[in-house]
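Undergrad: below are the sequence and a predicted model; questions follow.
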Amino acid sequence: MPIQSVTRSKIAGAYERLCKRWVSSSVAGAAERDRDARMAGTIFAMPIMLAVAMVTSNFMLGELAGIVSLVVGVLALPMIFCGALSLSKDSTAVGMSALGAYGLSIASISAAASSANLLLWIMAAAIPLEAWFIYRSERSLRVSGGVAAIVLAALLIVSLRADGSVALSPLSLLTSFGYLATLVTRTASALAARAMAARRDDRVADLESAIEGVIFSLGTGGLIVSLSSKAQDQFGIARNLLIGTPLLDRVHVSDRVQFLGFLADMKNGAPSAAVEVKLRCVAPGEVAKQAHSVRFATYRLRAVPHSQGEGFVVVATDISQAVADRNALAIARREVETAEIAKGRFLASVSHELRTPLNSIIGFSDVLLQEICGKLPDGRQREYVELVHRSGNHLLSVVNAILDVSKIEAGTYPIFAESFAFKEAVTMVHDMMAHQASQKGVTLCDRVSTRIGNVVADSRAIHQVLINLVSNAVKFTESGGVVTIDALIEDDMLAFSVSDTGIGIAEADLKTLGQPFRQVQNDYTRNHEGTGLGLATVKGLVGLHGGDLRIKSVPGQGTVVDVRIPLNGPVFEYVHEEEPANIVEFNAASDMKGGSHAEARKSA
């Protein structure tokens with residue numbers, strides 16, 4: 001940056017600070033402070049112009065004492081009026097007095113001179129401009145125009161008395177042209193600022209119409225300086241009654257501490273702040289005896305520092321409906337959670353109550369089948385006892401599954417992590433399900449290598465997962481099909497899968513799998529028993545280990561169920577529905593290892 005530009009900016013900054021120093025501390029608004037600073041600057045420039053006018057004028061020698069008095073009075077003008085400006089709460093009276101004194105000084109200098117002065121003519125004609133520079137209003141133009149007319153009339157009289165002669169010294173011409181240059185520059189700058197302000201006002205009006213809330217301009221003490229036109233519709237009170245009052249007065253007593261903290265954050269230089277408070281609003285009375293009724297609406301206040309002075313810009317948005325919806329949602333969520341807990345407790349209680357008589361039924365029917373107490377004389381009796389025994393076992397398995405699912409949903413299913421050989425668990429399940437597979441003509445393959453090693457998990461739960469997956473794969477694979485168990489280790493995770501070449505699952509049905517008591521319905525599945533709890537149990541047990549389950553299936557080609565669990569044990573004890581680890585992804589895919597998992601179609 002050039003040295004001259006730096007010097008000019010420093011001089012301009014020092015001059016601006018000098019002008020603002022004389023502004024009264026009682027002035028609240030930034031616009032009013034700027035106006036009074038411009039007035040102080042004009043007051044400082046007055047004696048300089050008057051002194052130059054006196055030096056370039058031809059004074060009458062017989063009035064030397066009067067001239068000295070005039071010079072002293074002119075030089076005292078800045079101190080008098082700036083002192084009054086710094087003490088007065090009404091700067092308008094000070095400005096009008098300074099304007100009158102300025103015009104009187106011009107008239108006095110012209111009367112004391114022997115000839116008219118071009119600089120005095122320009123100064124008199126520029127009085128309305130000087131007033132407009134300060135106040136930027138039509139009223140100031142009218143008042144200052146009257147003063148200028150009087151001064152110009154006095155100059156005309158002096159000019160006629162001096163036979164129309166005008167003092168045109170080099171200093172007078174130079175000062176006149178310099179002053180004219182400042183007038184032109186300041187006029188252009190003021191007009192540009194006014195046009196920019198008009199455009200800004202248009203943008204602000206457009207912004208206010210686009211924003212649903214009310215826009216406040218607050219002082220540092222929380223005083224309302226200005227606010228948007230929507231305030232009356234929102235608060236039921238005229239804008240002019242709100243301006244100049246503390247916003248704290250409209251805040252509910254219970255929220256005032258939060259609001260004061262909000263103001264304190266902004267005073268301490270925070271770039272932005274937000275708070276939710278209840279503000280008092282007035283509405284028409286609901287009955288004839290009440291003219292008005294008072295209500296408190298919840299508003300969200302968002303504040304940023306004012307870009308053009310001290311204070312903050314605050315946007316107040318009515319969120320009463322959102323708060324009511326949020327509270328209603330919280331109540332509904334609590335009710336649902338209570339209902340779920342009650343359902344889980346009911347299922348657990350019923351399951352426990354059923355298991356005791358079921359064990360008795362299964363035990364006594366088994367004694368009858370073994371003919372420990374004597375032979376059954378009739379073949380139909382043996383058939384009935386076998387049916388009772390088989391039905392009791394099936395019902396007991398259903399009760400156990402219900403109990404497991406209810407424990408998993410309630411988060412009370414115990415997980416006891418221990419190190420065990422995964423290959424041995426697969427071998428045990430293979431041997432257990434081999435007879436069922438051979439009866440259906442299904443080939444059961446175990447391709448798990450002994451190099452898989454140990455895994456840290458709940459062995460009972462992993463066995464249950466494998467049994468449920470293999471049982472469903474065998475159940476829903478037709479004769480001649482293949483069910484395969486695979487496993488590998490990748491990224492500290494044990495990944496194992498059960499695939500089959502069964503009936504497969506439609507993509508639309510995949511979305512409902514894993515939900516308790518939900519089964520895929522078709523002609524094939526209706527011929528097989530199932531409660532829809534098998535896959536729900538698998539999903540819960542895998543989730544309790546911090547793993548995930550995915551199903552890929554194509555109708556008529558088969559299904560693959562992929563399970564991944566941490567190799568070194570679960571990272572958390574209980575699973576919550578919100579956590580991503582419990583989300584089971586069901587995606588149809590064509591790149592399958594083969595097979596349809598029956599669970600995917602109907603959840604065992």
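TA: Yes, it's here.

Undergrad: quick check, central residue of this structure?
TA: Geometric centre of the chain, nearest residue: residue 274, 9.7 Å, by Cα atoms, centre = their mean.

Undergrad: can you give me the distance of it to residue 313?
TA: Note on residue 274: its distance to residue 313, by Cβ to Cβ, to the nearest Å, is 13 Å. Placement of C-beta: from N, CA and C, glycine included.

Undergrad: do residue 504 as well
TA: For residue 504 relative to residue 313 (Cβ to Cβ), the value is 62 Å.

Undergrad: just residue 32 next, same as before
TA: Applying Cβ to Cβ, the value for residue 32 to residue 313 is 18 Å.

Undergrad: can you check residue 339 too?
TA: 47 Å.

Undergrad: what about these two, which has more around it?
TA: residue 313 (17 against 10; other Cβ atoms under 10 Å).

Undergrad: spit out the contact partners of that one.
TA: Under the criterion of Cβ atoms under 8 Å, 6 or more residues apart in numbering, the neighbours of residue 313 are 215, 216, 217, 218, 303, 304, 305, 306, 307.

Undergrad: what about 10 Å?
TA: Counting by Cβ atoms under 10 Å, 6 or more residues apart in numbering, residue 313 makes contact with 215, 216, 217, 218, 225, 226, 302, 303, 304, 305, 306, 307.

Undergrad: do you have the helices of the stretch 401-550 of the chain handy? List them.
TA: Taking DSSP state H, counting those that start in this stretch as the test, the helices found in the stretch 401-550 of the chain are 422-440, 459-475, 507-510, 534-544.

Undergrad: pick the most deeply packed of those helices.
TA: Highest mean neighbour count among the helices of the stretch 401-550 of the chain (mean count of other Cβ atoms under 10 Å): helix 534-544, with a mean of 26.

Undergrad: that one to helix 459-475, inter-axis angle?
TA: Relative orientation of helix 534-544 versus helix 459-475 (axes from the mean of the first three to the mean of the last three Cα atoms, to 10 degrees): 150 degrees.

Undergrad: and helix 534-544, how far out from the chain's middle?
TA: Distance of helix 534-544 from the chain centroid (Cα atoms, centre = their mean, to the nearest Å) equals 37 Å.

Undergrad: helices and strands around it, which ones?
TA: helix 379-410, helix 459-475, strand 548-554, strand 558-566, helix 598-602 (3 or more Cβ pairs under 10 Å, 6 or more residues apart in numbering; DSSP states H and E).

Undergrad: buried deepest among these, which one?
TA: Mean neighbours per residue, mean count of other Cβ under 10 Å, is largest over the helices and strands packed on helix 534-544 for helix 598-602, with a mean of 31.

Undergrad: for residue 419, which non-adjacent residue is closest in space?
TA: Closest residue to residue 419 apart from its sequence neighbours, by Cβ to Cβ, 6 or more residues apart in numbering: residue 454 at 4.7 Å.

Undergrad: what pairs with the lengthiest strand in the chain, parallel or antiparallel?
TA: Determined from DSSP state E, the single longest strand within the chain is strand 292-305. Using DSSP bridges, strand 292-305 pairs in its sheet with strand 273-284 (antiparallel), strand 312-318 (antiparallel).

Undergrad: buried deepest among those, which one?
TA: When you average the neighbours per residue for each of these (mean count of other Cβ under 10 Å), strand 312-318 leads with a mean of 21.

Undergrad: re earlier: check contacts around the residue nearest to the centre of the chain.
TA: Contacts of residue 274 (Cβ under 10 Å, 6+ apart): 262, 265, 300, 301, 302, 303, 314, 315.

Undergrad: circling back to that earlier point, now the helices and strands packed on helix 534-544 in a markdown table, with mean pLDDT and distance to residue 269?
TA: Below are the helices and strands packed on helix 534-544 laid out as a markdown table (pLDDT from 0 to 100; distance: least, Cβ to Cβ, whole Å):
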| stretch | mean pLDDT | distance to residue 269 |
| --- | --- | --- |
| helix 379-410 | 79 | 50 |
| helix 459-475 | 89 | 56 |
| strand 548-554 | 88 | 47 |
| strand 558-566 | 91 | 48 |
| helix 598-602 | 37 | 60 |
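
Undergrad: ok, which of those comes nearest residue 178?
TA: strand 548-554 (82.9 Å; Cβ to Cβ).

Undergrad: ok, back up a step: and the longest strand of the chain, how far out from the chain middle?
TA: Worked out by Cα atoms, centre = their mean, strand 292-305 lies 18 Å from the chain centre.

Undergrad: stretch 376-395 now?
TA: How far stretch 376-395 lies from its chain's middle: 67 Å, per Cα atoms, centre = their mean.

Undergrad: what number of residues lie near residue 452?
TA: 17.

Undergrad: ok, residue 97 next?
TA: Applying other Cβ under 10 Å, I find that residue 97 has 14 neighbouring residues.

Undergrad: was I right to think it contacts residue 84?
TA: Yes: at 7.5 Å, residue 97 counts as touching residue 84 under the criterion of Cβ atoms under 10 Å.

Undergrad: any stretches of the stretch 51-200 of the chain with poor pLDDT?
TA: Applying pLDDT under 70 to the stretch 51-200 of the chain picks out residues 57-75, 77, 89-90, 112-116, 161-168, 197-200.

Undergrad: show me where it has helices.
TA: All helices of the stretch 51-200 of the chain, identified by DSSP H, counting those that start in this stretch, fall at 64-87, 91-112, 118-125, 127-135, 138-161, 170-210.

Undergrad: contact partners for the closest residue to residue 409 other than its chain neighbours?
TA: Closest residue to residue 409 apart from its sequence neighbours, by Cβ to Cβ, 6+ apart: residue 344 at 5.6 Å. Shown in contact with residue 344 (Cβ under 10 Å, 6+ apart): 405, 406, 407, 408, 409, 410, 411, 412.

Undergrad: mind pulling the model confidence for residue 344?
TA: Turning to residue 344, the model gives it a pLDDT of 71.

Undergrad: now it: how far from residue 403?
TA: In terms of Cβ to Cβ, residue 344 sits 10 Å off from residue 403.

Undergrad: correct me, but residue 98 touches residue 47?
TA: No: applying Cβ under 10 Å, one finds residue 98 not in contact with residue 47, separated by 11.3 Å.

Undergrad: compare these two (neighbour count), which wins?
TA: Using other Cβ under 10 Å as the criterion, residue 98 and residue 47 rank with residue 98 on top: 26 against 19.

Undergrad: for residue 111, see how far away that one is.
TA: Residue 98 sits 20 Å away from residue 111, going by Cβ to Cβ.

Undergrad: could you pick out the buried ones from the contacts of residue 274?
TA: Neighbour counting over the contacts of residue 274 (16 or more other Cβ atoms under 10 Å) leaves 262, 265, 300, 301, 303, 314, 315 as the buried ones.

Undergrad: right, and residue 368 touches residue 382 too?
TA: Yes: between residue 368 and residue 382 there is a contact under Cβ under 10 Å: 8.2 Å.

Undergrad: where do the contact lists of the two overlap?
TA: residue 376.

Undergrad: just send the buried ones among the contacts of residue 274 back as JSON lines, with distance to residue 350 too.
TA: Conversion of these to JSON lines gives the following (distance: Cβ to Cβ, whole Å):
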{"residue": "262", "distance to residue 350": "54"}
{"residue": "265", "distance to residue 350": "56"}
{"residue": "300", "distance to residue 350": "48"}
{"residue": "301", "distance to residue 350": "53"}
{"residue": "303", "distance to residue 350": "57"}
{"residue": "314", "distance to residue 350": "58"}
{"residue": "315", "distance to residue 350": "56"}
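
Undergrad: from those residues, which is closest to residue 469?
TA: Distances from residue 469 to those, taken by Cβ to Cβ, are shortest for residue 300, at 51.0 Å.

Undergrad: okay, and the beta partners of the closest one?
TA: residue 276, residue 317.

Undergrad: how near is residue 398 to residue 342?
TA: As judged by Cβ to Cβ, residue 398 and residue 342 stand 21 Å apart.

Undergrad: re the thing from before, of all the helices and strands packed on helix 534-544, which one is nearest residue 121?
TA: Ranking the helices and strands packed on helix 534-544 by proximity to residue 121 (Cβ to Cβ) places strand 548-554 first, at 92.2 Å.
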